[in-house]
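Participant: Model the structure of this input:
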Amino acid sequence: MQACLTIPKYKKSAIKPINDSRLLEGTYSNFNNNGINHRTAFQLINWKANKINNADTTNFSTFNIRILNDRTLSFNFSNSLGRTETKKVKFRVQDNGFFILRNHNFRLIGIPYILGYYDIKKMEIGLTEKNELIINGVEKGEGAILIVLGSGYPKTNFSLTYEKK
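Facilitator: Got it, this is the predicted structure:
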């Protein structure tokens with residue numbers, strides 16, 4: 001199922017090619033520049049954030065990206081009160097200058113098509129010409145109750161930018 005979802009292409013003119021993965025390291029705002037308040041970087045990177053009270057997920061004001069090795073990124077979310085949370089994510093460098101995240105992007109809830117559903121989320125990160133972090137992705141969920149009553153949500157594409165501090 002995962003192969004069916006593709007991340008839409010971003011305008012190449014606005015992308016900064018990442019020759020050195022260390023360019024991605026730095027501190028970024030947790031809130032996107034696109035005016036979509038409910039899509040913080042914390043919620044995108046950490047799927048468990050959807051189960052947490054929304055007020056808890058917006059308490060993080062910044063996050064720091066560090067490259068731990070040639071396959072693992074560390075996202076360290078923090079706020080002014082000293083609260084921190086770290087999420088380690090595996091990645092793969094693509095030819096288009098983006099890093100595709102291997103962040104447990106397939107999740108089962110119950111038994112799909114009997115009594116449950118599944119979620120798929122694919123994401124890639126890169127830098128814009130303005131040196132902002134860009135997160136492109138696609139989400140899809142499907143399921144059913146006893147194969148008769150279908151449920152789910154349509155495929156959703158997103159592209160959000162986050163200011164570098």
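
Participant: Contact partners for residue 101?
Facilitator: Taking CB atoms under 8 Å, 6 or more residues apart in numbering as the criterion, residue 101 is in contact with 45, 73, 89, 90, 91, 123, 124, 125. C-beta here means a position set from N, CA and C on the backbone, and glycine is covered the same way.

Participant: what's the next secondary structure element after the least confident helix or strand in the chain by mean pLDDT?
Facilitator: For the chain, using mean pLDDT, DSSP states H and E, the weakest element among its helices and strands is helix 54-57, scoring a mean of 53. Under the assignment DSSP states H and E, the closest C-terminal helix or strand after helix 54-57 is strand 62-69.

Participant: Now that following strand: buried residues?
Facilitator: 62, 63, 64, 65, 67 (16 or more other CB atoms under 10 Å).

Participant: Who does the closest residue to the second one other than its chain neighbours form a beta bridge with?
Facilitator: Closest residue to residue 63 in three dimensions, ignoring its sequence neighbours and counting by CB to CB, 6 or more residues apart in numbering: residue 77, at 4.5 Å. Under the criterion DSSP bridges, residue 77 forms beta bridges with residue 63, residue 85.

Participant: and residue 77, how many neighbours does it have?
Facilitator: 23 (other CB atoms under 10 Å).

Participant: got the contact list for it?
Facilitator: Taking CB under 8 Å, 6+ apart as the contact definition, residue 77 lies against 30, 41, 42, 60, 62, 63, 84, 85, 86, 87.
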